[in-house]
Structures are given as structure tokens and as C-alpha cells.
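Novice: Sharing a sequence plus its predicted fold:
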Amino acid sequence: MKTKILVANRGEIAIRIIRAIQELNYEAVAIYESPDKDSRHIRIADEAVWIGDGPRSDYLNIDKVIDAAIHSGAVAIHPGYGFLAENPDFARACEEAGLIFIGPPSDVIEKLGNKVMAREIMAAAGIPMVPGTDNLKPGDEGLAEAIAFGRKYGYPIMLKATSGGGGRGIRRIENESELAEQYTIARSEALAAFNDDSVYLEKVVVKPKHVEVQIIADKTGETIHLGTRDCSIQRRNQKLIEIAPAFQLSPELNEEICQTAIQAAKAANYFNAGTVEFLLDDDGSFYFMEINTRLQVEHTVTEMITGIDIVRTQIKLAMGKNLLFGQEHVQLRGHAIEMRINAEDPQNNFMPEGGKTITVYHSPGGYGVRLDGFCYQGFTIPEAYDSLLVKLTVFGWSWNETVDRLKRCLHNFVITGPKTTIPFYLNLINHPDFRKGQFDTSFLDENEQLFEYDEQTSEVNKLARLIAEIHQKKQNTYAA
Amino acid sequence: MIRITQKMAPAEVLEALRQANGYYITNTARDMSQSDYKNRILLHTDLMAAEAREEAGYFSLEITGGASIHVDILRKQVDPFLKLKLLREQMPDTMFQTLCRGVNLFGYRPYPQNVIRLTVREFAKYVDVWRTFDFMNHVPNMEAVFEEVAKAGKINEPCICFSTGPEHTDAFYVKKVQEILDVTGPEIILCIKNHGGLGTPKRIGELVDAIKQAYPELIIHYHGHNTDGNDIGRIQAAVLNGATIVDASDHSFTGFYGPPPILTVIQTLKDYGKTAIGINEEAVIRSSDVIRDQRQYYAQFEAQIKGFMPTVQIHKLPGGAMGSSLEQASKGGFLDKMPDILHKELPKVQKELGNWWSVTPGSQILWTTAVTNVLEGERYANPSGDLKNLLLGKYGPFPFYQPADWIYEKAFGPDWKTVLERDGGIEVIDDMDIDKERETLAGKLDKEPTDQQLVTYLQHPNDAVEFFKFEEKFGRSYVLPPAIFLRQGGFQLGESLVFRDHDGKEHLIEIGPSQKDEDGRTNVYLNVDHSQRTYIIEPEVQEGAACQETLSKGEIEKLAKIGDIRAPFGGNVYDISVEVGQEVKKGDQVAILEAMKMQTPVISEVTGTVAEITAEIGLAVKPGDKIMLIEPAADE
């Protein structure tokens, strides 16, 4: 019997992992909740296990997932991203059940997942940090600490939930009176959301770039990096577009950031693939943000410029192999950009378009084009999950070539039924600053015109609509 | 002997006309479109012909006015102002001419004075020659237009409408010309408007001569229709007797009810030693050649009955109304009754109602009355609102004689004399609050309208708003050739459609497959400029079927007897004459519906109180749709 690996995830990332498993000549076991019964990841897996009605609760249910793995005879579990991916209890449960968890060990996940603990480790290792506090003391004492911090470093500052992450549990404080007001609210919200009311403070780096480094470490402690990524274009702290390598960094700064990332990973005794995130100030100083102890959505751009299959590497490392290549073998070539094509209405605050059926789905192809998606014509987007439909990743030798290729692909992409982020992206890549690579995390907030587009309402599209009506109704009812 | 151009001042134009040793030609493209193609010739075709028509050297191109402005927005989906602007760009030298119905402007009933003046002012920015008429030849009905045209520095061309019969003498018309000159002064062109193509060449020759004898300096423009096939004869007689300008159009599009071919006019008069001034014959021929191929796409709008109609001398229907009348007969299923209607009833009704001129809106009143008389079996049993208004003299005084008392009695009952005394006389219409209308339109468009949009809206409020919405949704569709815009039966799979948009950019659309989904919507796949697009067409709502049962005529009448007033036919609600809570008597008018350009009152069949009004003004109703509920009084 072939070795089986269970994929504890859904959507496009489940498919990405299933492909890697199958390419390694293992068998992939998918799991699914009822709303996902038509999802493509079930169809391409070698086996699929229904784990409950969901939604979400069963994908998050450690016992059910472990149970599915054991009953299907899987020896390992790949958690993907989201759901249980960064839950140390899950990694521990796998370890205890004798299953290989494809990712770092549970204690690493645990300490890096705790923001304060992570900062302590990094500070001790000499990694540059954004000025910040430890967990604030409870009650008024904590507030006094906070006020003192604000007076020392100036505003704005970030008030963060220690157990938050992925953009959640963060609030920006502009002045002292706001701090007093938000402090109590932040604590009670953190308690409700993460079952932990600890909060801490961080200075805000104004208009930073978000730069991260893909790292890979084997069990011997051999740690290499696969270059940088720029994920500055975000909405509400959620990434939309990722670029590799980080564009317009000097080679020296790029190298310094990458070496710092390796240093950080080593300080945490990191194993398997991970991402070290930094904030980059416009003066070239950079600060450690966090280490993501999982596969990132945007890993595809790194794969495109390195030629290294990160998921395959993850599995091999987890299955006991050591790194087959060293840092000297890693070569970064060209540029890659990934856009997350979401079923969302950018003009309506990115409101998800779940529940709608995809009536037409035509995707682009050709040289330098990679698609990681899971939807198809006739597929009804479940309302219960995230709105990512497909990741469009393009590769090109030069930056301009890559952007032009991306533009061509966006033009050739046809998705009807739900509204998507495609027209918004078309606006975005035509923006002169994007072309020049001049953007930071404030890009969307400062360019409201990016949201001004008329979907399908250019003059020729209006006329084409009339022609479609004349055609379908067999006459022009507006001329009859 | 000079070519007249748009750049000349009106005085220069009139001087050139007075000096003319020969004659000038107006290309009545609009009248040809209206008479032979139900007004459907698209701007696209006119733009194709523009360059050659410009070179041809006409006195003017008659390209707007009449019913065309309404059809522009209703069926051609083109902005009547944009049309003139684009043609002007292509034709800088040729004067543009309109046909204006005086107080009725480009519509079917009188407009307020301030609306008339605003409309003329806006159109005068593009229109150089204003041919204005009144179907009763009642000069005061045209005065506001005359004044505004003069103020705008454009040329007034007042009409005497022409017809035949014992009352229609040279003396009558010569006197009518004087009435006009008394108002306008001598700096005008006089049009003899022979909209039916009536009379013989001899008769027209005599009339032109009589007017010329009386007013030797007056410039005469003869306008005729070729309904009987003899308009070339009348044109020839007019020119030989002193007319300076005549009407005709491009031969590749001439039909049976509109103008005759220009080239035939030129060839015929040349033999009499008369030169067509400014005319480039080669360009006249080329104008026809460049659009000849387009005619096939308009076949669906050509008349149901083909062939010349010399019987026009009996029924006198104007060429501009032939197409719509025949269409109405065809759709209404009474084509077989046409001989009765046209040759017996219509001439009879004409004489009974005063033998005035059968032209809009009078021709519609005559036609509707004749049709109703024949179809209902009882003459004047159900007089239209417009007929009543005519009898009350609201359009103007009867020129020859008033209709007989029995017709008044049919229309207004035994107390008709009281009604006539109380309501009779020309209708004075209060000025409209134009700023308020502008606000209303702004509300409907969600933005401030342009002056031109406002003027279009004031002509035909509902249809204008529909048009503006169309343009918003479908863009400026005048760029589509008739082969696309008027296509019937859909396109071929894989067919390539090429056109240029408003900005001159060429586009290619390829027709892909269509697919119906389970909800009845159709996905139409098109390749638009090489990128694939899908257009979802919602299923058409089955008219009446799905939402409500269609009521029979009998059922509607039965409901009316208990106060449940339903629309007796399809049309638009023109007016609601009562308010909720108001007491009405049996026989009172409670609403007015409008259909086929005619107003028909809706009468209460009960005495009682208005309980509920369901319909609103401007609403399109189908037969059986609720209008209002009247609670019958207890003693009924």
C-alpha cells in the first residue's frame, strides 16, 4: 500500500498540496465539510473523508482531523495555511498520535505564535525590533505603562492582542486620549476572540513596506533562505498582491534582510519551511515582525523565481530527508507577481460574493503563467469560507515584462457570476507608481481612484451588450 | 447663380434666391425616411451619405423635425441634437432644414409658449431653415416659432398647407399668404406644403402663378409627395411658374409615399432650360450609390402595400402618415377594410369635419375617426379626446365651415351647445415651470441634465427618460450600421461585426454560442476586440401572461359597471382627471389614455366616490390593467 498523507485543508491550497503529494508518488487523503461537497480538492484527491457538516468547525476540530488521518491510514498531515496550521495543540496532537506533522515542531509553533515570546527570543538574538512593550500589566497599571510608552516613542502606536494574528486583534492609536479609550475595549475584545486578554504596544512605522523572507531548515539545523517577497499591497492588513523578489531593494540590503531572517530562524530552532516577516522603513532600517510557522499563500512567487518546489521540500523534510541543496544552489531569477483573485466586490469594501455561481470561467495560460485555483464553471462558491478563487502567479525576466504579462492574463481572465477583484487589479497595475515599483502598505488608502472602474461598461462593452440582446431576442426591441 | 451655403447670412441667402436664374433643390431625406421607412433611416446611413450630399450642393438638407425627433429617441436611440452636430461636422456648407408643427412643435398637441420658445432656441443652434406649418393654416399658431427663428438669425419658411376641393381656391391661399406676411414681414421663404401630393401639375402651376402674381418678390419653395407618382409633374409646373426651390431626395432610397428622385427633377427641368443651381450632378448620383446597399436592411420598414397610390386624391392621407396608417391596419388586422376606410369613410369624414388639411395632427384625427367609424359599426359613437378638442376649436377656428350639429351632439350629448359655449375656443396653455421640470429630470437621471436633454425631455418626457437610460446602458449606438442595429433573426455563429465607436475607434465583435441556464437566463458569448465576454440576458417577462390574466373586452366592461375601472386598451395614462374621495357621476371623464398618438377619455360607468387610484400619469398600461376604483353610491 502506498504511503498516504492527509491534507487538513480545503480550497486552492488543498489542491496545491495534493499535487505535491501525488508527484512524490504518495496518496493524498482529502477531508471535507458538507458545504465543500462540490469542491474540486475532493475530486482530485485519492481519497476523501467527510468530517462533518461544518462549516469551519470541523476543519478546526483537532480530534476529527486526527481521527480521519488514522482511519484512512495516513502517516502524515499537511495543515496548509489557516485553520489548524499554526495551532500548536494540533501539531502536538499529531505528534502524540504518531502522525508526522508537516511543519515545525509544536513547541516552535507555540513560542513563535506567542508574539511576546517571539519578540523575546528575537531580541535576545539581536534581531532588530520595532520598539514595543512586553505584555501590559492588567488594569490601570497597564494603561499607565502604555501612556508612558506613547510619550517616549510618539504616536501613532499599535495596540496588539498577544494571541492575535493575520491582521486580527490590531488597533492603531493616534493619540493619548484614544489610547485610554481603546485600551479597555481591546482587552475585552481580545478575551472574546482569542480567550486571552493580554495586549502589548508597538511603535508604528509610518508607511512601511512589508518584506518577508522564505526560509527552509532541515533537522540538522541547516537553514537557507529563498529570497525576499514584497507583500506591501494590502487591504485592512490582508495581503492582496505579492512580489518576489522584493522590488527595488539594493543587493546589500536584500542580503542583510535574508541573513537576518536565517539568524532569526536559527534562534528559534526552526525546522521546515517558514517565513520571517519584516517592516521596512523608507530609510532602509527594518524590524522583525513575526515568523509564520506555515506555508504562506504567496509561496508560489518564490517557487517561480527559484525553481524550488516548497511544498515538495516541506514533505520531504518532514518525512526525514535533509536538504538536498545548499544556499549556494539557490539562484533567484527574474520577477514573479501573484494576485489573489477573490470573489469580492472591491467597490463595496471587498464584500465577499459567496453563494454565487460561476457561470463562465475562462482562465489564461501560456508562458510564465501559473494558476492555483479550485473553482470551475458551474461551481457555487460556498458562503462559509474565504473568498479566494484562484491565485494568478506570473513570472517574467524583467519587471516590465512581468507586469505586461500580468495585464495580459487579467484581460484574458473571464469569470462571470460573482464580482471579482480582477477589474480592480487592472486599475492597479496600470497605476504609474505600481509600474515604477513605488508602493508601500498605504498604497490602497492613498489611491482611492483604484476603486473607480466600470465593470464591463466601456463604450464597446455597452454596445456589445446591445448586440448580445439583438442576437438573443432575434430583433432589436429598442428599434421595433 | 451661386451655391447657397450655411455660412451666408439669411439676407444674403434670400438675395441669392431672388436673383436666381434657375432653381434650387432641398434634399428631404427626413421626409423620405418618415414617408417610406417609418422614420427609421439611421444616422449611420445619413453619415455615410454626408460627404456626397455635401458636395451635391443642395439649398438645404431637410434632416430633422416632423415625427423624426420622437422616433430618434424612441426607435433609433439617437440624440436628435447629437445627430445634427455630427452631420454638421461632415457637412459644413449645407444648410439644415426642419419641419416644425407650429404650436404642436414636433409632437401632436399644443405646447406651452415658453416650451416652444426654448425648443426653437436650442434647435436653431443647428437648424438654418425653419419650415413651419399649422394643420388649420391658423397663422397665430405659428407666431411664437416665427419670432424665435427670427431672433436666432435663422430663415423662416412658413407654409400654406395645400389641399383640394371647392373651398381650396387661389383666392383663399393668396389671402392666407397675406396673413402670414402681415406677421413675418417679407424676409421669408413661402412653402407650398403639398404633404399629400394632391392636385394635378396644372393646379399647382396655377397656384404658384397666382401667388407670384400677387407677391412677385416672394420666394416660393414647393414641397410635395410622390404618392400618386406624379410629383415630378407638379414640381415641373411649380418651377415653370416661378417656384425657386423644390423638394426631392436620393433615388436609391425613393419609395411610393415620400419625395420623388432628385435626379429625375434635374433631368426633366434641364430639358425646359431650367438649371439646378449649385448642383453637382455627379455628387447627386454618388449620394445614391454610397447608400444603395443599405436599403436592404430597411425593407422591414417599407410599406405593407407596395405601389403608387393615385387614390390619394380621394383619401388625401399625407405621405408622412401612410406608413404608420398601413402598419396600424396590418397590426390591427383590418388591412381588408382599407378600401372602405380610405375611399369611402375617410373622404366623408373629411368633408363632415370641415375639409381642412389632412396633416399632423389633423390627419391622425381624421384617420382615427374614420377607422373607429368603420370598425365600431356606428359612426362617431366613440369620439376621441382629440376629436372633441378639434370640435371645441381648441386647435384653431374652422377655416371654411363648422361640422354639422349632429356630430357635436354625438360628441357632447344633447347639451352640446352649452359645452361648446363653456369650453369652446382656442386653448390657452399656461407656461410650464421649466426649472421645476429640470429638477424633475435631474432626479430621474441622477445628475444635472444638459439644456438639450431638457428640451428633448420637454417634447416627450417618458420616452426621453427611457432614451437617456438606454444610452447609459448601451452607449451611443448610432455607430452601429443598420445591418447590426436592425438585424432580425439574430446573427450567425462566428459572424464578425465591425464598427467604429463614437471616438472613431474600430471594434470587432465575433458572435459566439449562446447557452440557457436553469433560471431561463441566456449567456451570450461574444468575442469583443479579441477578448471573450459573456452577457447575461434575463428572460423576457411574458407580457400579461405570468403576472395577471388578460381580461376580455366584455370583462373589462362588466368591471366598469361596478366601478372597477380598467384600461380598455393598451396605451399610456395621459391624465387622471379625478382625486381620491371625489364624487363622480355616471358619464364623467375620470382619466385620459393615449395610444396611437390619440387621446381617449375613460368614462365612469357608475355614480359614486373615487376610492382608490392605481394608475399614475405617464404609466404604460395593458388592456385590463387597473386604473381606479369607484365606490358606487348607495342608491345605485
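Specialist: In hand now; what should we look at? Numbers count the residues shown, from 1 in each chain, chains lettered A, B, ... in the order given.

Novice: and stretch A:301-314, which residues are buried?
Specialist: Residues of stretch A:301-314 classed as buried: A:301-306, A:308-314 (neighbour count, 16 or more other Cβ atoms under 10 Å in any protein chain shown). Every C-beta, even on glycine, is put in place using the N, C-alpha and C of the backbone.

Novice: Give me the contacts around it.
Specialist: Stretch A:301-314 is contacted from outside by A:16-17, A:20, A:23-24, A:78, A:102-103, A:214, A:216, A:226-227, A:229, A:242-245, A:272-273, A:295, A:299, A:323, A:325, A:330-338, A:370, A:393-395, using Cβ atoms under 8 Å, 6 or more residues apart in numbering or on different chains.

Novice: quick one: which two of the buried residues of stretch A:301-314 are the most distant?
Specialist: Based on Cβ to Cβ, the longest span within these runs between A:305 and A:314 and measures 17.9 Å.

Novice: Pop the domain breakdown of the chain in here.
Specialist: Going with chain A. Following the assignment in automatic domain parsing, chain A carries domains at A:4-102, A:131-203, A:209-451.

Novice: Actually, chain B is the one I wanted.
Specialist: Domain segmentation of chain B under automatic domain parsing yields B:10-301, B:489-539, B:553-632.

Novice: Name the nearest residue to residue B:337, sequence neighbours excluded.
Specialist: Once flanking residues are discounted, residue B:337 sits nearest to residue B:374: 5.7 Å by Cβ to Cβ, 6 or more residues apart in numbering or on different chains.

Novice: Return the distance of the residue nearest the centre of chain A relative to residue B:247.
Specialist: Nearest to the mean C-alpha position of chain A, counting by Cα atoms, centre = their mean, stands residue A:297 at 3.8 Å. Taking Cβ to Cβ, to the nearest Å as the criterion, residue A:297 is separated from residue B:247 by 74 Å.

Novice: about what we covered before: taking the buried residues of stretch A:301-314 one by one, which sit in helices?
Specialist: Using DSSP state H, the members of the buried residues of stretch A:301-314 that fall in helices are A:301, A:302, A:303, A:304, A:305, A:306, A:310, A:311, A:312, A:313, A:314.

Novice: Work out for me the element the spatially closest residue to the fourth one that is not a sequence neighbour sits within.
Specialist: Using Cβ to Cβ, 6+ apart and skipping residues adjacent in sequence, the residue nearest residue A:304 is residue A:336, 3.7 Å away. Using DSSP states H and E, residue A:336 maps to strand A:335-342.

Novice: Give me the distance between the helix or strand that comes right after that strand and the centre of its chain.
Specialist: Secondary structure here is assigned by DSSP H and E; on that basis, the next helix or strand after strand A:335-342 toward the C-terminus is strand A:344-345. Relative to the centre of its chain, strand A:344-345 is centred 18 Å away, using Cα atoms, centre = their mean, to the nearest Å.

Novice: With stretch B:286-297 instead?
Specialist: Taking the mean C-alpha point of stretch B:286-297 and that of its whole chain, the gap between them comes to 24 Å (Cα atoms, centre = their mean).

Novice: which stretches of the chain have low pLDDT?
Specialist: Let's take chain A. The model of chain A has pLDDT under 70 over residues A:165-167, A:454-457.

Novice: Not quite, go with chain B.
Specialist: For chain B, the stretches flagged by pLDDT under 70 are B:1, B:541-550, B:596-598, B:634-636.

Novice: quick one, what contacts the residue nearest in space to the middle of it?
Specialist: With the centre of chain B defined as its mean C-alpha position, the nearest residue by Cα atoms, centre = their mean is residue B:67, 2.1 Å away. With Cβ under 8 Å, 6+ apart as the criterion, the residues that contact residue B:67 are B:34, B:39, B:106, B:320, B:360.

Novice: any idea how far it is from residue A:38?
Specialist: Separation of residue B:67 from residue A:38 (Cβ to Cβ): 57 Å.

Novice: With residue B:78 instead?
Specialist: Here the criterion is Cβ to Cβ. By it, residue B:78 lies 48 Å from residue A:38.

Novice: Settle it for me: which of these two has more neighbours?
Specialist: Neighbours of residue B:78 and residue A:38, each counted by other Cβ atoms under 10 Å in any protein chain shown, are more numerous for residue B:78; the result is 24 against 14.
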